[in-house]
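# below is the sequence, then the predicted model.
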Amino acid sequence: MGKDSKTKDAGAKGKGKGKQAAGGSDENASKGKGKSGKASDGLGTCTYVKARHILCEKQGKINEAYQKLQDGWLSNGDKVPPAEFAKLASEYSECPSGKKGGDLGWFPRGKMAGPFQDVAFATQIGATSAPFKSTHGYHVILCEGRKN
């Protein structure tokens with residue numbers, strides 16, 4: 001039960017941070033309405049996501065990494081540049097992907113476990129999720145792309 005509520009909270013927070021990336025949604029809105037009739041934000045309609053992440057065993061460490069993102073970009077409403085996110089992932093992430101700047105590449109729906117997948121597919125392109133917990137530890141995700 002606790003995991004579900006945390007996942008929903010993290011997803012909601014991730015969506016809130018995604019507002020900073022919504023500036024270019026006018027172009028997507030004209031494309032999104034036509035064929036499928038689904039929401040133009042593209043959330044929940046794609047089958048693949050390209051993402052980077054930072055994984056830490058301890059909540060305090062992920063909060064420290066997230067604070068650096070906040071101080072550098074998010075508090076100003078800016079997007080975190082992938083290269084800057086990659087630097088923080090190299091410094092903070094305890095996942096083997098940290099050596100590659102947290103790059104997970106493209107992955108399909110169903111490949112990642114529960115909360116990670118939920119947050120990855122709910123975070124808008126260019127946006128950074130709030131810290132959240134999965135079975136592997138604490139994460140922050142940067143969504144870099146979507147495709148079907």
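Now that the structure is in, tell me what you want to look at.

# every contact and neighbour count from this point should use C-alpha atoms.
Fine.

# next structured bit after the helix or strand where Asp118 lies?
Asp118 belongs to helix 114-122 when assigned by DSSP states H and E. Beyond helix 114-122 on the C-terminal side, the first helix or strand identified by DSSP H and E is strand 132-134.

# same for that following strand, what does it pack against?
In terms of contacts (3 or more Cα pairs under 8 Å, 6 or more residues apart in numbering; DSSP states H and E), strand 132-134 is packed against helix 2-18, helix 114-122, strand 137-147.

# the shortest one: which residues count as buried?
By that I understand helix 114-122. Across helix 114-122, burial judged by 16 or more other Cα atoms under 10 Å covers 115-122.

# what's the weakest-modelled helix or strand in the protein?
Ranking every helix and strand in the chain by mean pLDDT, DSSP states H and E puts helix 25-34 at the bottom, with a mean of 35.

# right, and the helix or strand after it?
Later in the chain than helix 25-34, the nearest helix or strand by DSSP H and E is strand 48-56.

# packing partners for that next one?
Under the contact criterion of 3+ Cα pairs under 8 Å, 6+ apart, strand 48-56 touches helix 59-72, helix 82-92, strand 103-108, helix 114-122, strand 137-147.

# list of residues touching the first one?
In this structure, residues lying in contact with helix 59-72 by Cα atoms under 8 Å, 6 or more residues apart in numbering are 54-56, 80, 85, 88, 92, 130-131, 137-140.
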